[in-house]
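Peer 1: Sequence and predicted structure, then a few things I'm wondering about:
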Amino acid sequence: MLGLKFEASRLLAGISKCVMYNPFPELTAEYEAKVRTVLQGEIERVYEYIEELEDELRKKSGKFDFGNLSLKFEPFFFLVNRIVCRGSVVISPELQFYLCRDDIARYTKKIRKTEMKILKSRNPSKIYRINELEGEMLGYPSCCIGNFSRRKRLRNTGKSIKSPEEVVADEFVEMGLHEILDAVFSGKTSLEDVELPKSLFAFNFYPCTIRCRSAEKIGEKCESALEEFEMEYLFRAGVVAAMCDILEICIKMKKIEGKNRSYCYERPEEIIKKLI
């Protein structure tokens with residue numbers, strides 16, 4: 001659960017109400033399959049069924065003790081794909097688990113209400129609102145939330161604009177961060193001797209810029225929180241795993257060659273284990 005602990009550093013630091021991490025792949029596959037069987041029904045009935053499944057999953061997922069915190073998992077189903085921008089409403093059931101310090105019902109109720117409106121109207125222009133609510137819930141900087149949701153909104157309304165993922169990928173290559181990863185994984189340098197972008201404090205997080213000072217400050221607080229429990233090395237390893245996710249995107253977008261960079265395709269959990 002090293003990846004989960006890396007994400008949960010924001011909870012230790014008191015920055016966010018929850019973090020997003022799914023440690024239950026088998027449950028996820030089983031319950032996503034259940035939802036797919038009822039997708040042709042009335043929207044209200046589908047959501048009633050989903051809420052029953054979420055109640056079941058709360059009992060199965062249990063709690064997670066970390067540092068001085070006793071945390072709980074909150075399962076939540078998305079029906080609308082909130083990441084892919086195709087100018088249409090893409091229905092793709094996704095079960096996510098949020099590890100929570102505080103009650104997040106205020107956010108999840110708003111997300112579900114927004115999603116229902118999107119499904120009824122079949123209007124993709126409002127999907128960005130889900131991105132905003134989730135970003136706020138996860139404690140991301142407002143500038144990063146705004147940039148991510150704005151680009152998603154414009155792309156879903158047919159505008160020719162780079163995705164937030166591509167913007168970060170371009171900057172990643174321009175800053176030469178792939179060279180840092182090459183050096184670490186080839187053994188030419190050690191993890192403790194390289195300068196890492198503390199703005200990459202979470203997996204699947206795309207800051208407005210890798211140089212974002214607001215995101216860097218969050219990373220610094222997360223690192224300090226882990227240091228109090230003698231886990232400062234975990235933060236650096238987690239940042240490297242987050243960098244590997246971006247490197248994989250760079251390779252897929254053909255912004256950089258993938259030769260001798262197979263290390264970036266491993267799961268974050270495995271990358272962190274190798275580094276610490």
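Peer 2: Noted; the coordinates are in hand. Numbering: from 1, shown residues only.

Peer 1: Skipping adjacent residues, who's closest to residue 23 in space?
Peer 2: residue 4 (5.8 Å; CB to CB, 6 or more residues apart in numbering). C-beta coordinates here come from the backbone N, C-alpha and C atoms, glycine included.

Peer 1: ok, how many other residues are close to the one you found?
Peer 2: For residue 4, the neighbour count with other CB atoms under 10 Å is 18.

Peer 1: Spatially central residue in this structure, please.
Peer 2: Central residue of the chain (CA atoms, centre = their mean): residue 204, 3.5 Å from the mean position.

Peer 1: give me every residue that touches that residue.
Peer 2: 20, 245 (CB atoms under 8 Å, 6 or more residues apart in numbering).

Peer 1: next one: residue 146
Peer 2: Counting by CB under 8 Å, 6+ apart, residue 146 has contacts residue 208.

Peer 1: Now do the same for it: helix, strand or coil?
Peer 2: helix (DSSP: H, G, I helix; E, B strand; the rest coil).

Peer 1: ok, back up a step: tell me the secondary structure at the residue nearest to the centre of the chain.
Peer 2: coil.

Peer 1: what's the spacing between it and residue 124?
Peer 2: Residue 204 sits 21 Å away from residue 124, going by CB to CB, to the nearest Å.

Peer 1: circling back: how much space between the residue nearest to residue 23 and residue 204?
Peer 2: Taken as CB to CB, the span from residue 4 to residue 204 is 14 Å.

Peer 1: Give the buried residues for stretch 196-206.
Peer 2: The neighbour-count check on stretch 196-206 (16 or more other CB atoms under 10 Å) flags 196, 197, 198, 199, 200, 201, 202, 203, 205, 206 as buried.

Peer 1: What's the end-to-end length of it?
Peer 2: 15 Å (CA to CA, to the nearest Å).

Peer 1: before we move on, what about stretch 73-88?
Peer 2: Terminal-residue distance, stretch 73-88 (CA to CA): 31 Å.

Peer 1: Tell me who's in contact with the closest residue to residue 175 other than its chain neighbours.
Peer 2: In this structure, residue 175 finds its nearest non-sequential neighbour in residue 210, 6.4 Å apart by CB to CB, 6+ apart. Residues near residue 210 by CB under 8 Å, 6+ apart: 168, 171, 172, 175, 177, 197, 199, 200.

Peer 1: So residue 210 lies in a helix, does it not?
Peer 2: No - counting by three-state DSSP, one finds residue 210 to be coil, located in no helix.

Peer 1: For it, give its distance to residue 190.
Peer 2: Applying CB to CB to residue 210 and residue 190 gives a distance of 22 Å.

Peer 1: follow-up on the earlier one: adding pLDDT, write the buried residues of stretch 196-206 out as a markdown table.
Peer 2: Below are the buried residues of stretch 196-206 laid out as a markdown table (pLDDT from 0 to 100):
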| residue | pLDDT |
| --- | --- |
| 196 | 97 |
| 197 | 98 |
| 198 | 98 |
| 199 | 98 |
| 200 | 98 |
| 201 | 98 |
| 202 | 97 |
| 203 | 96 |
| 205 | 97 |
| 206 | 97 |
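
Peer 1: if you average pLDDT over the helix or strand where residue 218 lies, what comes out?
Peer 2: Using DSSP states H and E, residue 218 falls within helix 213-227. Mean per-residue pLDDT for helix 213-227: 97.

Peer 1: Now do it: which elements does it pack against?
Peer 2: helix 2-12, helix 142-156, helix 232-252 (3 or more CB pairs under 8 Å, 6 or more residues apart in numbering; DSSP states H and E).

Peer 1: swap the cut-off to 7 Å and go again
Peer 2: helix 2-12, helix 232-252 (3 or more CB pairs under 7 Å, 6 or more residues apart in numbering; DSSP states H and E).

Peer 1: Residues in contact with the last one: which ones?
Peer 2: Residues from elsewhere that reach helix 232-252 (CB atoms under 7 Å, 6 or more residues apart in numbering): 2-3, 5-6, 9, 165, 168-169, 172-173, 177-178, 181, 184, 191, 196-198, 200, 202-204, 222-223, 226, 256, 258, 261, 263-265, 268, 271-272, 275-276.
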